[in-house]
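Novice: sharing a model prediction with you, sequence too.
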Amino acid sequence: MRHPAADPGRYTRAMPPFETLLAAGGAALAPMAGYTDAPFRRLARHYGAAWAVSEMVSARALALGDDTGLAISAPHPGERSVVLQLFAGDPAEAAAAARRLHAAFAPAAFDLNMGCPVRKVVQRGCGVELMRDPGRAAAIVAAIDAAVPVPVTVKTRLGLDRAAAREVVAAVVAAGAVAVAIHGRTAAQKYGGEADWDAIAEIAAAVDVPVIGSGDVADARDYQRARARGLGVMVARAALGRPWVFRELLGGGAPSPEEVVAVSWRHARDHVGWYGGERALPRLRVQLAAYAERLGLDRGPFVRVAALDHLADAWRAGIGIDPADPRVAALDPFRDTLPRCPAPRRRRQRQLAA
């Protein structure tokens, strides 16, 4: 039985319901800490991502007045369909954090992280640790759902050390989750082994909300296999340095080398604009190296980029393509560079309001 708060008619929608988005086709961009920020989400949506989920934000920190989470989750100008992800272990803190984020950004939905296996998250009773306690997970979902007028979704794994997610998925759906994304690996597997899409499909058959699978989807054939099971698709690591993957999943062509250079150049310039200077570029190095690897180039020069000129030099030396070439500039997905992130990064502590 669904939680009474989960009445679809009460939601203020910034995008269509998830079942409508899935029926229209396309995969979603999965939340990835350190990667799914505003510049990357903008590229993913441009290339056809059905929706995009932010990096995870600490509910406790936001509830205690730390503004860092506002900067992490801030949408870019014109971003109307972002889903903001929280990691939380306490219902009151989750509700307080959701209210802060909704007041600041009015996102399309909130997502509860129940899949992160990182020790510092698990030790706080958050992430995949919530799978041990379906009742607490359900209480957090219900608290967020009651606190804000937008839907709540959940992203989880198949289990801790074996596929055993059915109970916790049923609990969060009953509490008000309108969609569930499932990474087809256990916490013990982390990112190794193969994703088990059969197990995801078995869970999907037991609930009455859309279920989105994640894990090992890298091409159109993988995407079609998942859709044939009646599942939605969420793409994570396959999108790094490859935001056009969402186009390819729907049968679109691979980019030319010039387009790869143009997209990486746009990504880097948006990153510099959003974070207020080239000092932020080291945070983008993993993605820059991934762009290079898509063209069979050595990662070395790209993981040392500390200025836009360094990136331009790396492309010229590696493949003989200059980002400033008019033929490359013509392939730029956007004509404007993102402005600086408007959200503050101040850290302050205050007592959680009742």
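Specialist: Here it is on my side, so go on.

Novice: so, low pLDDT: which residues of the stretch 101-250 of the chain?
Specialist: Counting by pLDDT under 70, the stretch 101-250 of the chain has no low-confidence residues at all.

Novice: ranges for the strands of it?
Specialist: Taking DSSP state E, counting those that start in this stretch as the test, the strands found in the stretch 101-250 of the chain are 109-114, 152-159, 177-186, 211-214, 232-235.

Novice: from the contact counts, what lies against the third one?
Specialist: Spelled out, it's strand 177-186. Using 3 or more Cβ pairs under 8 Å, 6 or more residues apart in numbering; DSSP states H and E as the contact definition, the elements that strand 177-186 packs against are helix 18-24, strand 109-114, strand 152-159, helix 166-175, helix 197-204, strand 211-214, strand 232-235. C-beta: built from backbone N, CA, C; applies to glycine.

Novice: distance between it and the chain's centre?
Specialist: 13 Å (Cα atoms, centre = their mean, to the nearest Å).

Novice: quick check: angle from that strand to strand 152-159?
Specialist: Comparing the axes of strand 177-186 and strand 152-159 via axes from the mean of the first three to the mean of the last three Cα atoms, to 10 degrees yields an angle of 20 degrees.

Novice: how far off strand 109-114 does strand 177-186 point, in degrees?
Specialist: Computed by the same axes, to 10 degrees, the angle between strand 177-186 and strand 109-114 is 30 degrees.

Novice: and the angle for strand 177-186 with helix 197-204?
Specialist: The directions of strand 177-186 and helix 197-204 differ by 150 degrees, with the same axes, to 10 degrees as the criterion.

Novice: give the partner strands of strand 177-186 in its sheet and their orientations.
Specialist: The strands that strand 177-186 pairs with in its sheet are strand 152-159 (parallel), strand 211-214 (parallel) (by DSSP bridges).

Novice: in the first one, what's buried?
Specialist: Neighbour-count burial for strand 152-159, with 16 or more other Cβ atoms under 10 Å as criterion, is recorded at Val152, Thr153, Val154, Lys155, Thr156, Arg157, Leu158, Gly159.

Novice: CA atoms only for that strand, dumped as CSV, please.
Specialist: Presented in CSV, the C-alpha positions along strand 152-159 are these (Å, rounded to 0.1, in the frame of the first residue of the first chain):
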residue,chain,number,x,y,z
VAL,A,152,11.0,11.3,-4.4
THR,A,153,13.0,8.5,-6.0
VAL,A,154,15.6,6.1,-4.7
LYS,A,155,18.8,4.7,-6.1
THR,A,156,20.0,1.5,-4.5
ARG,A,157,21.9,-1.7,-5.2
LEU,A,158,20.9,-5.4,-5.4
GLY,A,159,22.0,-5.9,-1.8
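
Novice: 56 is where my numbering starts, stick with that
Specialist: All right, first residue 56 from here; so that's strand 207-214.

Novice: quick one on the thing from earlier: tell me which of the helices and strands packed on strand 232-241 lies nearest to Ala105.
Specialist: Closest approach to Ala105 among the helices and strands packed on strand 232-241 (Cβ to Cβ): helix 73-79, 4.7 Å.

Novice: so which residues make contact with the closest one?
Specialist: Identification of contacts with helix 73-79 by Cβ atoms under 8 Å, 6 or more residues apart in numbering yields 70-71, 83, 105-106, 206, 208, 233-234, 264-265, 267, 287.

Novice: quick one, which of the residues you listed are buried?
Specialist: Going by neighbour count (16+ other Cβ under 10 Å), these have Met70, Ala83, Ala105, Trp106, Pro206, Thr208, Val233, Ala234, Val264, Pro265, Ile267, Gly287 buried.

Novice: and those as TSV, adding distance to Gly89?
Specialist: Output for those, formatted as TSV (distance: Cβ to Cβ, whole Å):
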residue	distance to Gly89
Met70	25
Ala83	18
Ala105	22
Trp106	20
Pro206	26
Thr208	21
Val233	27
Ala234	24
Val264	29
Pro265	27
Ile267	21
Gly287	24
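
Novice: could you single out the nearest of these to Ala243?
Specialist: Of all the buried ones among the contacts of helix 73-79, Ala243 sits closest to Ile267, with 22.0 Å by Cβ to Cβ.

Novice: pLDDT weak spots in the stretch 306-409 of the chain?
Specialist: The model of the stretch 306-409 of the chain has pLDDT under 70 over residues 399-409.

Novice: between the buried ones among the contacts of helix 73-79, which is closest to Gly180?
Specialist: Nearest to Gly180 out of the buried ones among the contacts of helix 73-79 is Thr208 (Cβ to Cβ; 20.1 Å).

Novice: OK, contacts around that closest one?
Specialist: Taking Cβ under 8 Å, 6+ apart as the test, what Thr208 contacts is Phe73, Val138, Ala164, Phe165, Asp166, Leu167, Ala232, Val233, Ala234, Val235, Ala236.

Novice: mind listing the residues bridging to the third one?
Specialist: I take that to be Ala164. On DSSP bridges, the residues paired with Ala164 through beta bridges are Val138.

Novice: ok, it touching Val203?
Specialist: No: using Cβ atoms under 8 Å as the test, Ala164 is too far from Val203 to be in contact (9.1 Å).

Novice: more crowded one of the two?
Specialist: Neighbour count, other Cβ atoms under 10 Å: between Ala164 and Val203, Ala164 has more, with 25 against 21.

Novice: count of neighbours near Ala385?
Specialist: The criterion is other Cβ under 10 Å. On that basis, Ala385 has 10 neighbouring residues.

Novice: many thanks, have a good one.
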